[in-house]
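# heads up, no residue letters with this:
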């Protein structure tokens, strides 16, 4: 009786053929299923092939490979196989992968529940991000690596260099602002701030003795040059050209030919004198002085741009035509903002400058509105005023304020806030009218070139960091 042959249950290795991004890979099945319960379950559902052409099954021939999702690249799958094959090499030798390769494997190990692969990727990546704590934090949050979170955050707080573009890119806004608030609450205690250690008659012993931490940095009185704050250049507004017929006849003076004009804004008509519009706006002056002037009435109104709202236009009308019975009309900060928008759009420079001056008054609006309007209209003095307020006030930068600032301005505020601190200076002096030297104190505001590195032994950050987990 002929001997019946069969496959060994453990050492008859079946290959699988995968299609990834136009590339075919032929891989021992066991290399994958022993690492991933997800792949084990997926492959268990496959029908075995009945012949060498792969009829009846997938993954056993080039003609019928297993196609992986588009989210997996050929490079990432190749990196995975490099590590899987390295398991079988002597002493589990290095797979020779780059940092990006290991990040890719971290992603695959999460998707396919590869516990050993995940652990190996974390071990390989940990030392590679010692100089990039923001990216380390980003990976920790994305892939649930809890042991990385606190060290990354603490390094971002203690390091001397300020938060920059890398941190803006890698951290979410809430974390960035909280880190900025913690960094600015840490301050250096200089030797002349300690009455027992100042020692110098000049009162200039400014070496750092140690670092301490406050609840808040507090308000700062410091002179900041407006030129360091550069207002973004706003986009140029182009008013729609009002087409009027050109005919022979005398030209009407756009500034001193006063008539009633009907404007249409949204679905409302407004009938007012054209005089303040032609006096303050070159655009409207051109409209009203054209030959063959068509009288803008209710049948043929002067239609205003769709980006002009009724609210803004009515504020401008109240400015030009204040209610007589209520006395002098004083616009609110919101109404001044409306006037400023339209005066910029239509080239009303005198009106724009007046509105900008009114808005520069600290009592005429909050800093968010100031900064938003300054950037929309390119008011440099206004922008610098708002930025100075953010730097010198007690409360830290908020998320609402970040919505109206570009990244470079957010980082500039964080940088300046953490460098400026109050301190009490102790010093000796010799009195010309009394024997011996005397000591005194004074409050000093100092702006360091850089906030400085906080040694590990200074500033217990436990309570501050608790809010970031």
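Okay, I see it. Owing to the predicted nature of the structure, the values given are computational and were not obtained by experimental measurement. Numbering: from 1, shown residues only.
# contacts for whichever strand or helix holds residue 319?
For residue 319, the element it lies in under DSSP states H and E is helix 310-320. Residues from elsewhere that reach helix 310-320, judged by CB atoms under 8 Å, 6 or more residues apart in numbering: 263, 265-266, 268, 270, 272, 276-277, 304, 329, 331, 335, 338-339, 341-343, 351. C-betas here are computed from N, CA, C, even on glycine.
# recalculate using a threshold of 7 Å.
Outside helix 310-320, the residues that touch it by CB atoms under 7 Å, 6 or more residues apart in numbering are 265-266, 268, 270, 272, 276, 304, 329, 331, 335, 338-339, 341-342.
# what is the most widely separated pair among those?
Maximum pairwise distance among those (CB to CB): 22.8 Å, between 266 and 329.
# would you state the helices of the stretch 101-250 of the chain in chain order?
With DSSP state H, counting those that start in this stretch as the criterion, the stretch 101-250 of the chain has helices at 115-125, 133-143, 146-158, 165-170, 173-185.
# give me phi/psi at residue 445?
phi -100, psi 130 (degrees, to the nearest 10).
# list the residues that contact it.
220-222, 420, 422.
# closest one of those to residue 135?
residue 420 (28.7 Å).
# centroid residue for the protein?
Centroid check for the chain by CA atoms, centre = their mean gives residue 407 as the closest residue, at 5.0 Å.
# that residue touches residue 167, doesn't it?
No - counting by CB atoms under 7 Å, residue 407 sits too far from residue 167 to count as a contact (10.2 Å).
# what subset of the contacts of residue 445 is buried?
Among the contacts of residue 445, those buried by neighbour count (16 or more other CB atoms under 10 Å) are 220, 420, 422.
# need those residues in TSV (columns: pLDDT and distance to residue 9).
Below are those laid out as TSV (pLDDT from 0 to 100; distance: CB to CB, whole Å):
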residue	pLDDT	distance to residue 9
220	86	75
420	88	73
422	77	77
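# and which of the residues you listed is nearest residue 14?
Nearest to residue 14 out of those is residue 420 (CB to CB; 68.5 Å).
# strands of the stretch 301-450 of the chain, start to end?
Residue ranges of the strands in the stretch 301-450 of the chain, as given by DSSP state E, counting those that start in this stretch, are 302-303, 420-430, 437-447.
# quick one: low-confidence ranges for the protein?
Residues of the chain meeting the criterion pLDDT under 70: 1-2, 46-56, 87-95, 192-206, 235-257, 290-294, 325-328, 360-365, 425-441.
# burial measure for residue 330, as a count.
Using other CB atoms under 10 Å, residue 330 is surrounded by 9 other residues.
# how about the contacts made by it?
By CB under 7 Å, 6+ apart, no residues touch residue 330.
# please tell me how far the nearest residue to residue 372 once chain neighbours are set aside sits from residue 370.
Of all residues not flanking residue 372 in the chain, residue 404 sits nearest, at 4.4 Å (CB to CB, 6 or more residues apart in numbering). Computed as CB to CB, to the nearest Å, the residue 404 to residue 370 distance reads 9 Å.
# try residue 288
Distance from residue 288 to residue 370, by CB to CB: 34 Å.
# same question, residue 167
Distance from residue 167 to residue 370, by CB to CB: 26 Å.
# one more: residue 5?
86 Å.
# quick one, which of those two is more surrounded?
More crowded of residue 5 and residue 370, by other CB under 10 Å: residue 370, with 25 against 5.
# residues in contact with the closest residue to that one other than its chain neighbours?
Excluding its sequence neighbours, the residue lying closest to residue 370 (CB to CB, 6+ apart) is residue 386, at 4.1 Å. Applying CB under 7 Å, 6+ apart, we find residue 386 in contact with 367, 370-371, 374.
# and the furthest pair within those residues?
Within these, 367 and 374 form the most distant pair, 10.1 Å apart (CB to CB).
# before we move on, the earlier item: pipe the buried ones among the contacts of residue 445 into CSV and attach distance to residue 32 per row.
Compiled in CSV, the buried ones among the contacts of residue 445 are given as follows (distance: CB to CB, whole Å):
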residue, distance to residue 32
220, 60
420, 58
422, 62
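# which one of these sits closest to residue 42?
Closest to residue 42, out of all of the buried ones among the contacts of residue 445 and judged by CB to CB, is residue 420, at 58.6 Å.
# which residues pair with that closest one across the strands?
Beta-bridge partners recorded for residue 420 (DSSP bridges): residue 447.
# so it versus residue 185, what's the distance?
According to CB to CB, residue 420 stands 12 Å off from residue 185.
# before we move on, what about residue 309?
42 Å.
# give me the more crowded residue out of the two.
Between residue 309 and residue 185, residue 185 has the larger neighbour count (other CB under 10 Å), namely 21 against 15.
# OK, contacts around the more buried one?
Per CB under 7 Å, 6+ apart, neighbours of residue 185: 213-217.
# once you drop chain neighbours, what's closest to it?
Nearest to residue 185 is residue 214, by CB to CB, 6+ apart, at 4.9 Å.
# the one you found: neighbour count?
Close neighbours of residue 214, defined as other CB under 10 Å, add up to 12.
# and residue 159, by the same measure?
Quick note: residue 159 (other CB under 10 Å) scores 16 neighbours.
# nearest spatial neighbour of residue 175, chain-adjacent residues omitted?
Per CB to CB, 6+ apart, closest to residue 175 is residue 468, 6.4 Å.
# kindly report the same for residue 312.
Ranked by CB to CB, 6+ apart and with sequence neighbours excluded, the top spatial neighbour of residue 312 is residue 338, at 4.0 Å.
# what sits against the nearest residue to residue 393 once chain neighbours are set aside?
Distance criterion CB to CB, 6+ apart; nearest residue to residue 393, sequence neighbours excluded, is residue 219 at 5.7 Å. The neighbours of residue 219, taking CB under 7 Å, 6+ apart as the test, are 392-394.
# circling back to that earlier point, just put the helices of the stretch 101-250 of the chain in JSON lines and tack on distance to residue 99.
Converted to JSON lines, the helices of the stretch 101-250 of the chain look like this (distance: least, CB to CB, whole Å):
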{"stretch": "helix 115-125", "distance to residue 99": "7"}
{"stretch": "helix 133-143", "distance to residue 99": "10"}
{"stretch": "helix 146-158", "distance to residue 99": "15"}
{"stretch": "helix 165-170", "distance to residue 99": "14"}
{"stretch": "helix 173-185", "distance to residue 99": "22"}
